[in-house]
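Peer 1: Only the shape, not the letters, is given here:
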């Protein structure tokens, strides 16, 4: 049974343990952590605690991950682009418009349904029965690369790389407006919007979120950029760019700007991903080409907006 250990840093002292662990390990939900605590599969300094326990500096947290439960998800023969696969992980190039995992309103046609078919159900179970193999996500209307974990050991090791920011994730985006600086960093906390709980926003007291931005091309009214994630909060790039008044083109949630493009969603593509193999220690690096819809918009901008 996989075991994960964490030592609490002084800056986290006083936080509820369920919130602390959810913030530290993006792939585990708060409800999942609470269930581990209720089932006495988690200890602090070798002692069981409750979900409302306030962590202290240097607390030694240890918890066991239960054996995988076979998910009740219908495998579907949906074509997907698996660009790499070994015994531990697969790298998938997700198309725009595909939901990553089953949830209310989307129990069929998701990436997980396709993975259950193409990988014969060989997926990690740490993230719950409806999110097997999913260690990080991209939005339905974002295209690009995802790491898929095929067992719990690889899931834990990739989670640790995501937590300590050693996993490289680079996105390309087209945004509204002209960005003057060639390179800059957005360091602004993200949490639920107080005005709309279905949206995220830059808010005081939110989780720290850091996005590094580099301009690739400038057009009249638009900028083509590269965004490197240091953290991976929900909707991070979209929220950060909207907050500096350069929302992603095609973003129907965080942008009110009008545009000539007819897209299924935001012009945001997870182009590059890099991490260390969970078993061999080899550094793995993958890139995906920009999808056709993205290339067509760039072609339009290069011809009409220079």
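Peer 2: Looks like it arrived, so ask away. On a predicted model such as this, the values are computed, not experimentally measured, just so you know. Numbering: from 1, shown residues only.

Peer 1: Can you spell out which helices and strands pack onto the helix or strand encompassing residue 172?
Peer 2: Under the criterion of DSSP states H and E, residue 172 resides in strand 168-176. Judged by 3 or more C-beta pairs under 8 Å, 6 or more residues apart in numbering; DSSP states H and E, strand 168-176 is in contact with strand 222-229, helix 236-243, strand 268-276, helix 292-304. C-beta here means a position set from N, CA and C on the backbone, and glycine is covered the same way.

Peer 1: List the neighbouring strands of the first one plus their orientation.
Peer 2: It refers to strand 222-229. Its sheet considered, strand 222-229 pairs with strand 168-176 (antiparallel), strand 210-219 (antiparallel) by DSSP bridges.

Peer 1: Beyond the first one, next helix or strand please.
Peer 2: Read that as strand 168-176. Next helix or strand after strand 168-176 toward the C-terminus (DSSP H and E): strand 183-187.

Peer 1: how many degrees apart are that following strand and strand 222-229 in direction?
Peer 2: Strand 183-187 and strand 222-229 are oriented at 60 degrees to each other (axes from the mean of the first three to the mean of the last three C-alpha atoms, to 10 degrees).

Peer 1: Give me the residues contacting the following helix or strand past strand 183-187.
Peer 2: Heading C-terminal from strand 183-187, the first helix or strand you meet, by DSSP H and E, is strand 190-192. With contact meaning C-beta atoms under 8 Å, 6 or more residues apart in numbering, strand 190-192 is reached by 199-203, 205-207, 209, 233-236, 239-240.

Peer 1: chain center to strand 190-192: distance?
Peer 2: Taking C-alpha atoms, centre = their mean, to the nearest Å, one finds strand 190-192 lying 15 Å from the centre of the chain it belongs to.

Peer 1: what does stretch 284-300 give?
Peer 2: Here the centre of stretch 284-300 is set off from its chain's centre by 19 Å, with C-alpha atoms, centre = their mean.

Peer 1: mind listing what's buried in that stretch?
Peer 2: The neighbour-count criterion (16 or more other C-beta atoms under 10 Å) identifies 284, 286, 288, 290, 293-294, 297-298 as the buried residues of stretch 284-300.

Peer 1: What average pLDDT does that stretch get?
Peer 2: For stretch 284-300, mean pLDDT rounds to 95.

Peer 1: Equivalent analysis for stretch 195-215, please.
Peer 2: Stretch 195-215 shows a mean pLDDT of 92.
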